Structure formats: structure tokens, C-alpha cells
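Novice: prediction below, plus the sequence it came from.
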Amino acid sequence: MRSNLADLGRLLVATILCVMGAALLTYLVDPLQLFRPSRLGAFYSDDTRVQNAGLIHSQSFDTAFMGTSLAIHFRQSDIDRVLGVHSLKLAMTGSNSRQQTFVLEQAIDRGARRVIWEMDDFIFVDAADIEVDPYLSTDLYRRTAKGIASYLFSAAMAKESLFTLLRSVPPMRQPLTQAAPYLPVKFALADVDDIYALPRDFDIARDYNASKALASFAYITAPSRSRFLGEGYGYETMIRHFEQDAVGLIARHPDVTFDIYFPPYSILQFVAMRDASPETLRIVMDLTAHIAQRLARLPNVRLHDFRAIKAVTHDLSNYGDVIHHSPLVDAQVLRWLASGEYRVDPNKPLASLNELKAQVETYRVPQP
């Protein structure tokens, strides 16, 4: 009996030592750079909801760039070059306004004096309160005791720390860096500029072309699936989240400049609603009318509307589906932001929206 208790005691001590050792390893290596910039050669993850917490605490920046998958492929170096800023890209695929506002608040608290915000209608759908959001850890961003403990005692982070440590050994650096994208590790990107960016040799014409855009249009307007076009769209709920999240953030930070833009969806996105879900189209138009009029009254906001630029939005070769545009359009978006060419006139906040409505009404879908 005593022997069994002694064995159990030794096992318990060994387990505690292993857990504490793993936690110490994570603290010293700090793969997320939550406590300090990396001293072993920084690597980054495409898991932006986690990675952003480390970026906000480890990077220097004066501008925060936020958005959904429509803004995820921008490179920080391009944003900096075209707009003359020192940016931090914080875009998160599929993110909602609660998540975006929370992350932006952390970036502003760390020194961002300008926010560039890709704002699409779908971010304002109803979702979990940020404090109970299962996909984004507020404690990690705030570096509370709970957040730090979840980080230090994470087996996944211990694995990443061990890999980072091995990769810091000079003879192993190059082979492990080259192999990292093919191994079961998250922190595989050697350059912060590459976070969720497309490879520089990416075949744009293969993934963005009219055939893909038209196929996507046919798919989402099929009778068996068209009901999904309006899923999550409720005018009152979306207005409430816009006011609480977007307007609330802007009002709390009058010394921060907000460049907000409506992204250049293909015309097919709105035509799909027109043909298969007209009530959804009405909600989108009414919602963005409210947003434009509301933002026009805020002195620290510049609103840009890229949705009615026919040369881009009617050229279906720019799109991989009815929404997502190619990196070539990303470059145009930055130039438009820099020039202010499509900035909404605060005295005529609905002009571009009315132009879009006219285009949607008369557009005819090309036949394959």
C-alpha cells in the first residue's frame, strides 16, 4: 500500500514538474510575443484571432487596419507604402462587429491614432457577446491572470515553443523554416507581412475570373439555397450593433481618425439579392443608408464607398465569387483611400448609394 502511494506521489510530482516546465518554456520562448518581442527569431500564425493579441503587444504601429475576409489579403508593407502610415493588419475572416470593435479598442489603447476599417453589412448580424465569445479570448488580449494561464499552460503553445526553440539553433534554422508550412505547427510564417497574404507568385487569373463569379451567382440563387442570402439579416438588430459597436467605439475615441470604407462587392452580390431575396436587399440598402447618414455627422470619420465603381464591380474577372475581389483590386482600394476619390460627401451621404441602387435595378446577368 505504501509502495503504491509512493509511486502515485512520484507520478504526481513528475506531472507537476512537466506541466511547470512546459509553462516555463512557453513563457521564455513566448511564441505569440504576448510579453515581449521574440529573441529567437519571430514567427507568426494565420490564426488571426489569437495572433492579433500578440501583434498588438509586440509590434509598433500608428494605424490599425481592420476587416473581414474582404481585407485579409492586404500586406502591411503595401498599406504603409501607399498611405504613408505604420500599420498593423488585424483583419479576421468571418469576424463580426463585436470582435472587430474589441480588437480595435485594444489597438487604440496601444497607440493607434488612425483606423482603416473595411465595413460590410454582414458584420452587424447578431452574435455572442464578446465576453462569452467562444472564438476570441478577451482574457488573452487583456492579459488577465486567466488569459495568461490559458496561454502558459496550453499544450499547443508548449509544442509551438519547443519548435521555435529548435528552429533557433543555427544548423536547424533553414531546414525547419522551410519545412514549417508542411508541419503541424501554427507559427510557420517568418514575416509579419505574410500573415494571411497570398503568395507573391499566386496565379490571380486562375482563382479570380468571370466563370467563378457566375458559378457562385448561380449557386447562391438556386431555389434550394437562396434562402441563405437573408440568413442573419434583421434590420433592427443590425442597427443596434452598428450603434453599439461602431459608433460607440468612434465616439469613445474622438482623437482617432477613422477611414471607413464599403468594399467593392461585385454587382452580382446585390443582383442575387434582387432576384432571389428582395427583402434582404431592402435591409442592406436601408442599413447602409443609415450607416452613411450616421457616419457623415461624426467629425473624426471619413467614409468611402466603393460599391458603385462600375469599372471594377461590373468586371467579373476581378472576383473569385460574388463578393471576394482579387489582390489587384486590393491595390486599387489603397489608391482610392489615399486619393479620397470616392470619399462620401457628408452633405450628400446617399449619393453613391443611390447610384448603386440604379445599377442594381438595370443590371442584366451575362449568360454563360
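Specialist: Sure thing, it's come through.

Novice: after the helix or strand of the chain with the lowest mean pLDDT, next one along is what?
Specialist: Least confident helix or strand, the chain: helix 2-29 with a mean of 76, by mean pLDDT, DSSP states H and E. Stepping forward along the backbone from helix 2-29, the first helix or strand reached (DSSP states H and E) is helix 48-58.

Novice: which other helices and strands contact that following helix?
Specialist: In this structure, helix 48-58 packs against helix 97-109, helix 138-142, with contacts taken as 3 or more CB pairs under 8 Å, 6 or more residues apart in numbering; DSSP states H and E. Quick note: C-beta positions are derived from backbone N, CA and C, even for glycine.

Novice: mind listing residues that contact it?
Specialist: 32-38, 42, 44-45, 72, 88, 90-93, 95, 99, 103, 106-107, 110, 135-137, 140-141, 143, 192, 195-196 (CB atoms under 8 Å, 6 or more residues apart in numbering).

Novice: ok, now with 7 Å
Specialist: 32-34, 37, 44-45, 88, 90-92, 103, 106-107, 110, 135-136, 140-141, 195-196 (CB atoms under 7 Å, 6 or more residues apart in numbering).

Novice: quick check, pLDDT for residue 167.
Specialist: Looking at residue 167, its pLDDT is 86.

Novice: not counting sequence-adjacent ones, nearest residue to it?
Specialist: With sequence-adjacent residues excluded and distances taken as CB to CB, 6 or more residues apart in numbering, residue 167 is closest to residue 176, at 4.4 Å.

Novice: tell me where the model's unsure across this protein.
Specialist: With pLDDT under 70 as the threshold, the chain has low-confidence stretches at 1-9, 11, 368.

Novice: how far does stretch 18-36 sit from its chain's centre?
Specialist: 26 Å (CA atoms, centre = their mean, to the nearest Å).

Novice: and what of stretch 56-71?
Specialist: On CA atoms, centre = their mean, the centre of stretch 56-71 falls 9 Å from that of its chain.

Novice: stretch 50-63 too?
Specialist: Per CA atoms, centre = their mean, the centroid offset for stretch 50-63 relative to its chain is 13 Å.

Novice: now that stretch: buried residues?
Specialist: Under the neighbour-count criterion of 16 or more other CB atoms under 10 Å, stretch 50-63 has 50-59, 61, 63 buried.

Novice: what is the nearest of these to residue 157?
Specialist: residue 50 (9.6 Å; CB to CB).

Novice: part of a helix, is residue 64?
Specialist: No: read with DSSP: H, G, I helix; E, B strand; the rest coil, residue 64 is strand and lies in no helix.

Novice: please enumerate the strands of this structure.
Specialist: Applying DSSP state E to the chain gives strands spanning 63-66, 87-89, 114-118, 257-262, 301-305.

Novice: the third one packs against which elements?
Specialist: In this structure, strand 114-118 packs against strand 63-66, strand 257-262, with contacts taken as 3 or more CB pairs under 7 Å, 6 or more residues apart in numbering; DSSP states H and E.

Novice: repeat that with 8 Å
Specialist: Against strand 114-118 (3+ CB pairs under 8 Å, 6+ apart) you get strand 63-66, helix 97-109, strand 257-262.

Novice: what lies in contact with that strand?
Specialist: 62-68, 70-71, 79, 83, 85, 87, 91, 100, 104, 107-108, 256-261, 263, 337.

Novice: same question, the last one
Specialist: Residues outside strand 301-305 that contact it (CB under 8 Å, 6+ apart) are 250, 257-262, 292, 295-296, 336-337, 340, 342-344, 349, 352-353, 356.

Novice: could you dump the buried residues of stretch 50-63 to JSON lines with distance to residue 153?
Specialist: Converted to JSON lines, these look like this (distance: CB to CB, whole Å):
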{"residue": "50", "distance to residue 153": "15"}
{"residue": "51", "distance to residue 153": "19"}
{"residue": "52", "distance to residue 153": "21"}
{"residue": "53", "distance to residue 153": "16"}
{"residue": "54", "distance to residue 153": "17"}
{"residue": "55", "distance to residue 153": "22"}
{"residue": "56", "distance to residue 153": "22"}
{"residue": "57", "distance to residue 153": "19"}
{"residue": "58", "distance to residue 153": "21"}
{"residue": "59", "distance to residue 153": "25"}
{"residue": "61", "distance to residue 153": "30"}
{"residue": "63", "distance to residue 153": "34"}
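
Novice: which of these lies closest to residue 236?
Specialist: Using CB to CB, these come closest to residue 236 at residue 52, 30.2 Å.

Novice: was I right to think residue 140 contacts residue 152?
Specialist: No: counting by CB atoms under 8 Å, residue 140 sits too far from residue 152 to count as a contact (11.1 Å).

Novice: tell me how many other residues surround the nearest residue to residue 220 once chain neighbours are set aside.
Specialist: Among residues not flanking residue 220 along the chain, residue 272 sits closest, at 5.4 Å (CB to CB, 6+ apart). Neighbour count of residue 272, defined by other CB atoms under 10 Å: 24.

Novice: quick revisit: can you tell me which of the contacts of strand 301-305 are in helices?
Specialist: 250, 292, 295-296, 336-337, 352-353, 356 (DSSP state H).

Novice: looking at the residues you listed, which one is closest to residue 283?
Specialist: Nearest to residue 283 among the ones in helices among the contacts of strand 301-305: residue 353, at 13.5 Å, using CB to CB.

Novice: tell me how many other residues surround that closest one.
Specialist: 21.

Novice: now for residue 226: which residues touch it?
Specialist: 220, 272, 276-277.

Novice: distance check, it against residue 339.
Specialist: 38 Å (CB to CB, to the nearest Å).

Novice: fine, thanks again, bye for now.
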